[in-house]
Structures are given as structure tokens and as C-alpha cells.
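In: From the sequence below, what's the structure:
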Amino acid sequence: KKPLHFSSCRLLQSPPAMSFDDICPGLCGGDETVAFGPRNEGGSALYRIDTLATIGSSQEVATVPSFMAAGGKEHLCVALGNQVHIFDNSCTELEASLNFEADVDCMALDHNGSFLVIGDRSGELHFLDIEARKVLFSQLLAEPNAKLQRTMSSIVVCKHGSSYRLLVALTAGAVHSFANIDFDELRRALSEGDLAGVQAVKAGMVVTQLDVSCACNVVRGAALFHKGATSKILVWGDGPEPLSIWSDDCQKERGIAGPLQSVSNCVFTEDHKFALVLDATGHISVWHMATLVMLRRLPLEHVRVMHVVFGVTDLADAGPPNAAEAASGNNHSLHNYTLVLLQADAAAQQAKVFFKMVALGKEMNELYSLEVSPMCKIATISDPEAINIVDGQNGDQGHLQKFLVRCVTQTLPTNRFYHLLHKHRFDEATQFAAQFQLDVELVHRVRITSILDRADKNPEPSICAELQAGLNMIQDMETVVDSCLQASLPSAEDTKVVLEYALTRLETFKCGKSDPASLEVFERLSMRICSALKRLGTFCMALAESSFNAECWHHFRSTDLIREVMSCLSQGKVATAVISWSRHSHEYDMHQSIVSVLSAIPEQAQSSHFLAWLRDDVFPLVPRQHHAFVLDWINRRARSMELTEKKQWPDSAIRLISAADSLLNLLAHSKPALHYADSMTPDQFASYLIGAPVGSLDGAAASPVARGKARGPLQQARHPKMEG
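Out: Below you'll find the model as predicted:
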């Protein structure tokens, strides 16, 4: 043990020559495929990949810098060369960027993510307060060795009793232990400005240097594990004993000389009973920590990096393995873990690297696979549900363009299913729904909705066949009928074909159905389709079929036809109103609305445009309760024609009155009225009909009025009790 001496922090005040300063955080939530291209994914479980941020350089990058990432509860730290970028845990915001004098070799976050420990190439250890964005203190641990690529190989922060312990592995064959670190007390003291408290935390640290060069002349890493009530240090690397166990008093307890030649990485299961060892050849083996016996080799090759994600934490106590267990390697507690690794595909002609998640068990089921670039690293894992990776991406010239900070998260089948539907990847969604017993018909309904949306924006000639092909997959007749009615097709002929298709489907649906509910559905839906077909015929007659417009058709299909007739009359579209009335008047009992219909005809409209329609279709079927209004309307209209139709008057007024012959017949005044009309002016004839004084008339024409107080037929129509 030796005293702890801290040197002052040495951060560069200006950016380095190669600066990764083009940083774009907050990218999560966008379209991953559109922004970053298609992905080569596989596996039996459901995972999604999101790019959280990108880190690039404004200059051309000639060589790939050393890079790594460390994740915590609150932050994600990415080191590129001698720069460290600190994000929040979802990378929505860049909180700080630090530049050091030397490249970063390794780093780690404390349990709360408040403090960051960094080891650089110059042999210095830096202790940073993330909240204050500054380095609290630095310690020189070793001088750099030109023969070694790295000065420090790993930093591990682990729980040790009521405090924390920091293990720093030096590549040159030493391990430094910083014990009795109270991070919670240090945070309190810094928050309250308690300098004495900060000094007390520093003074309480116990630093131990462990010389392991006799076992490993090149140290790749070190980790603390618990063996009963005591703590041990596992060291791995290159040397006579690439895997060795050391006690706290710097004594080697056990070392393994074979079958391993070199160990690249080592991780523990959560209960510290097993260790997974990655050797220099890219193979993984499982070891029992209590006896340091290798249980088995995993059927994985060319593995570059590995981590373990802890699943179920409440593991059964397996105890030391017996000979049979050691031979088979079938320890049930391993089934609760997932292996996270980077694996190279040696069979591929070009170098391919895959990020994989593999369930530890007999079958070694591959849960997820994603092709990444050879420039990829896995961040230290703090949350097993969100695993971060840093993936390099080359530009068009083949040089490094930027690093992608990405997150792999597990998703529910329904979430993945809805995501596929949202992206309109219908073939994948269909297979996915069949695999996970989800609603396959929902895929077809969403596909139909997509087709209808495309038809609304840009109707294409092929949309009719595509729509029918999609509807063939749907069994729900409500959806079929609604889709056919809502389809915006390029022509009236296509619209008719789709409506007739719906009618055929309904007939097929009816076959073999005898229950009242099914028959009621058939009748109701058939009525909707037949009504739409009839309206389509009216629409094509009223408007030339060549000028078919889907938007106008949908308005006409769903509108109130009585209001449509009134609207057409008020706009002078008499021909359209006449066609709609003649085809649908009985269907919608339009004669009951005769008051509104006649009132909608503008005063300036020429009577020749609607006279035949009134005479043949309207007046003969006027309900009795509306006779008085109709005759009064004729009276007012006939009087106003003297101003609105001067050239045709009085003949136009007489023709209008004659058009009401069917009503006058009901009142038994038609023949006398027409007889005396020959010797009257229209004004006098209208006065006669309503019983008003006509004035002096000669000849036979004067006798009806001269007879005294006789009432005209219009006046009698206002008094139904009077005899006709």
C-alpha cells in the first residue's frame, strides 16, 4: 500500500488537431431506415435499433481513432481519441465535451452516473464530476510504454461492502485498487460545498498496487468477484498464467496455465459462480469460479468482444459442479443470462461483423443479430434493457465519416407488429402476425387503408385491381363494403366495377347463411351498395361521365339528395336537379319537401327550363296539404313573369298556370278556367283564380265575375271545406 498523491487536472483548453466536433444528438424517433439505410437483422426475439446521435469530424479522418463508450443510469459517455463527449442517457442533449492531452484508454461510471473515471495513454487517472463538468483530481499511475499500444487496459467500479472499489488494470503487469470510496458522501459534500467533506473522502481512500507480472506480462483486464464473505481479484491477459486469482493482500491464490494461451476478456454471472472467458482465438468458454474449472466451450467462433446481460437475478444455488456437470456443462443457472457480443463472419468474402445477443443454454438460441461495421464497440452495460453501441460509418471515399451512437432495446410483439404496419411493410407484418398469433386480418385492413389513401392523393388505373386483390383477403363484410364505398377511383367505370364486386361478395357471404343476424347484415349492406350504384348512375347522367371526379362523387354519394336538388335549383343547375328528382323522388319522398324545392327556384330563372318538369313530375304528385302553397306560388310566379320574362309574357305565365292542370282538375276548375283564359289577361286570370275582383270584361268572359261573389279555385283551395 502507498499514499495517494493527486496532481492537478490537465485538460486542453483548445480542441485537438483532429476534432470530432460535428455532433447531432436527439435523433431517436426518426425513420431509421430512411436516415441511415436498410439493416441486415435476424434472430428469434424482438429487438429494435435506434440511432440516438451521430459524432463526426469537420475534417477528413485519415486514421480511425481509439474509441469506446460507457453507459450509466443518467449519462452515456463516448470517447474518441483524446476527446470525451458526455450525453444524457437517451442522447437527446450533449452535456459536455472534454479534451485531454493523451488518448483515452478506458473509462467507467459510478453506480449513479455522477462521476466518471478516465485512464489515458499518458498513464494518468482522472476523476471527473459530471454534474460540475470538471475534473476533481488526477493521479499518475504509470509511465507510458512505447512497446504497448495502451497504458491502461480496464477500469472497473464495483460495490465493496458499504463503499465502492475502483480497479485499474495497467497493461504493463500491474493492478491498482482504490478502496473505500464513498461516492454518496462525495456527492453530498460537493453539492453543499463542504470542502472538508471532500478531503475526508479523499483521505479515506486506500490505494493498493498489485504486481501481477509473474502471471501476466500483458494485462488485458481485472475484475473483483466475491467468494463467500471475501473478495478476490481475477486478472487476465497474456503470459504464463493468462487467468489468475489474487487475494486482497496481493497474494496469488491460483493460476491457470492451460488450456488457455491468452485471454482477451472475462465476465461474471451475477452470482459470481461462473465466468465466461474469451480467448485470443475468438472462442468462449465457461468456467466455475470456486474451483476454476472449465465446464465447456460455447459453439461460437471469431468473437471479438463480449458482455453478459443479466436476466433473472434470483438464481438457484447450483453448488460446485460434479464430474458429470463439469463434463456436460449443463448448469441451469446459466439459462438466465444473455450473451452480448461482436462476432466476425470468417466465411464472408468481405469482412463482416455482427452484433449478436445469444441466450446461454443448451441450444444457444440467437435472439438478435445486426450487421455492423468493423469499427464497432459495445458500451459498458448498465441497463440490460437498453444496450448502446458505437458504430463507425464510412463515407463515399471509403474514409471514416462519422460514428453512430445506437441503442438496441427489446420490444413486445405487438409493438413490433404496429411498427411494421406503420412503416407499411405489409409482407413482413403478415409473416410476423402468423408467427406470433396476432391479427393477420388487421394487416390486410391497414393495407386497404394505405391503398385508399394513395387513391385519394393520386388515383392510378391499376388501383382498382390492387384494391380488389387486397379485399379478397378480408372476411369482414363491413370493411369490404366501407372500402368499396370510400374508394377514390380514376373513372366511373372503375367505381362501378368495385361496387359490383362488393355486391358479388355479399351474395357469396349470404350463401349458406340462415341465421337472422347474418341476413340482417346482408340486407343492410346490400341496400347501401344498391343505393350507391343508383346514385352513381344519377351522377353520371347529371355530369358527363368523361368528367368524372372522385371528390365530387363522394360528395354526391353521401349528401342529402333533397338538399342537393334545392342547391342545384338555386344555382341554376336545373338539368341536374331534374335528373336527381326523377330518379330518386319516390325513394326519398321528395314531394313532401315541395315547399322548400319550389322556394329554391330563383326569381330570375326562365320558366321554360323547369316548366315540363313541374308539369310532368312535380305537380301531379303534390300532397293535398301543399296544394294551397303550390297554387299561391304559381300565382306569385305568374305575376312576376311580367318583369322577369317580358318577351315571352303573357304566354309564359299562361303556360305556367296550365302546368297546374292536374291540381285544378282536383278542384274541378280546370276547364272553365282555361275557357275564360282566352279572353283574360294573365293578371285578370290570376285574379279570377284567387277570387279577387277582375274588373269589367266584355262578352262571355265577364259573366263569371259579374255573377256576384263567386270564389276562384285558388281561394277555394285555401278553404278545403268548401265544395269544389
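
In: which one is residue 419 nearest to, not counting chain neighbours?
Out: Nearest residue to residue 419 in three dimensions, chain neighbours excluded: residue 48, at 7.1 Å (C-beta to C-beta, 6 or more residues apart in numbering). No exception for glycine: its C-beta is placed from N, CA and C like everyone else's.

In: All the helices of the stretch 351-500 of the chain, residue numbers only.
Out: 413-422, 426-435, 440-457, 463-471, 477-486, 492-510 (DSSP state H, counting those that start in this stretch).

In: Figure out which of those helices is closest to residue 558.
Out: helix 477-486 (8.7 Å; C-beta to C-beta).

In: With just CA atoms, put that closest one into CSV.
Out: What follows is helix 477-486, C-alpha atoms only, in CSV (Å, rounded to 0.1, in the frame of the first residue of the first chain):
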residue,chain,number,x,y,z
MET,A,477,-68.1,-7.6,-44.9
GLU,A,478,-68.4,-4.3,-43.1
THR,A,479,-64.8,-3.5,-44.0
VAL,A,480,-65.3,-4.7,-47.6
VAL,A,481,-68.4,-2.5,-48.2
ASP,A,482,-66.9,0.5,-46.5
SER,A,483,-63.7,0.3,-48.5
CYS,A,484,-65.6,-0.1,-51.8
LEU,A,485,-67.8,2.9,-51.0
GLN,A,486,-64.8,5.1,-49.9
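
In: Need the residues that contact it.
Out: For helix 477-486, the external contacting residues (C-beta atoms under 8 Å, 6 or more residues apart in numbering) are 445, 448, 452, 467, 471, 474, 498-499, 501-502, 505-506, 509, 521, 525, 528-529, 532, 554, 557.

In: Residue 300 falls within a helix, correct?
Out: No - Residue 300: not assigned to a helix; according to DSSP: H, G, I helix; E, B strand; the rest coil it is coil.

In: just checking, residue 512 is part of a strand?
Out: No - counting by three-state DSSP, one finds residue 512 to be coil, located in no strand.

In: tally of neighbours for it?
Out: By other C-beta atoms under 10 Å, the residues close to residue 512 number 7.

In: phi, psi of it?
Out: Reported as degrees, to the nearest 10, the phi and psi values for residue 512 are phi 80, psi 0.

In: any low-confidence regions in the stretch 301-450 of the chain?
Out: Judged by pLDDT under 70, the stretch 301-450 of the chain has its weakly predicted residues at 308-333, 346-350, 398.

In: hmm, try it at 50
Out: 311-332 (pLDDT under 50).

In: Where do the strands of it begin and end?
Out: Here the stretch 301-450 of the chain has its strands, by DSSP state E, counting those that start in this stretch, at 303-310, 337-345, 352-359, 366-372, 376-378, 386-394, 400-410.

In: Mind putting the ones you listed into CSV with mean neighbour count and distance to residue 490?
Out: CSV is the format used below for these (neighbours: other C-beta atoms under 10 Å; distance: least, C-beta to C-beta, whole Å):
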stretch, mean neighbour count, distance to residue 490
strand 303-310, 19, 54
strand 337-345, 20, 49
strand 352-359, 21, 47
strand 366-372, 19, 43
strand 376-378, 22, 50
strand 386-394, 20, 44
strand 400-410, 21, 44
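
In: can you put the ones you listed in TSV and add distance to residue 290?
Out: Listed next are the strands of the stretch 301-450 of the chain as TSV, based on distance: least, C-beta to C-beta, whole Å:
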stretch	distance to residue 290
strand 303-310	18
strand 337-345	18
strand 352-359	24
strand 366-372	29
strand 376-378	28
strand 386-394	29
strand 400-410	32
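
In: wait, which of the ones you listed is closest to residue 72?
Out: Smallest distance to residue 72 across the strands of the stretch 301-450 of the chain (C-beta to C-beta): 10.5 Å, for strand 386-394.

In: what pairs with the closest one, and is each one parallel or antiparallel?
Out: According to DSSP bridges, strand 386-394 has the following sheet partners: strand 376-378 (antiparallel), strand 400-410 (antiparallel).

In: In a markdown table: the ones you listed, plus distance to residue 277.
Out: Output for these, formatted as a markdown table (distance: least, C-beta to C-beta, whole Å):
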| stretch | distance to residue 277 |
| --- | --- |
| strand 376-378 | 17 |
| strand 400-410 | 24 |
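
In: Around residue 218, how many other residues sit close by?
Out: Neighbours of residue 218 (other C-beta under 10 Å): 17.

In: so what's the spatially closest residue to residue 460 that is not a sequence neighbour up against?
Out: Leaving aside its chain neighbours, residue 460 sits nearest to residue 490 (6.9 Å; criterion: C-beta to C-beta, 6+ apart). Shown in contact with residue 490 (C-beta under 8 Å, 6+ apart): 459, 460, 461, 463, 548, 550.

In: For the fifth one, grab the count of nearby residues.
Out: Taking other C-beta under 10 Å as the neighbour definition, residue 548 ends up with a count of 19.

In: Is it correct that it is in contact with residue 496?
Out: No - if you go by C-beta atoms under 8 Å, residue 548 and residue 496 don't touch, sitting 10.5 Å apart.

In: quick one: residue 417 from residue 81, how far?
Out: 42 Å (C-beta to C-beta, to the nearest Å).

In: if I look at residue 119, how far off is residue 110?
Out: Residue 119 sits 15 Å away from residue 110, taking C-beta to C-beta as the criterion.

In: More neighbours: these two, which one.
Out: A count of neighbours by other C-beta under 10 Å puts residue 119 above the other of residue 119 and residue 110, at 28 against 21.

In: Not counting its neighbours along the chain, what's nearest residue 537?
Out: Nearest residue to residue 537 in three dimensions, chain neighbours excluded: residue 583, at 7.4 Å (C-beta to C-beta, 6+ apart).

In: Next, the one you found: secondary structure please.
Out: Looking at residue 583 with three-state DSSP, the answer is helix.

In: How many neighbouring residues does it have?
Out: By the measure other C-beta under 10 Å, the count of residues near residue 583 is 16.

In: Surely it and residue 534 touch.
Out: Yes - counting by C-beta under 8 Å, residue 534 is a contact partner of residue 583 at 7.0 Å.

In: For the residue lying closest to residue 58 once chain neighbours are set aside, give me the pLDDT.
Out: In space, and not counting its chain neighbours, residue 58 is closest to residue 22: 5.5 Å by C-beta to C-beta, 6+ apart. At residue 22, the pLDDT value in this model is 87.
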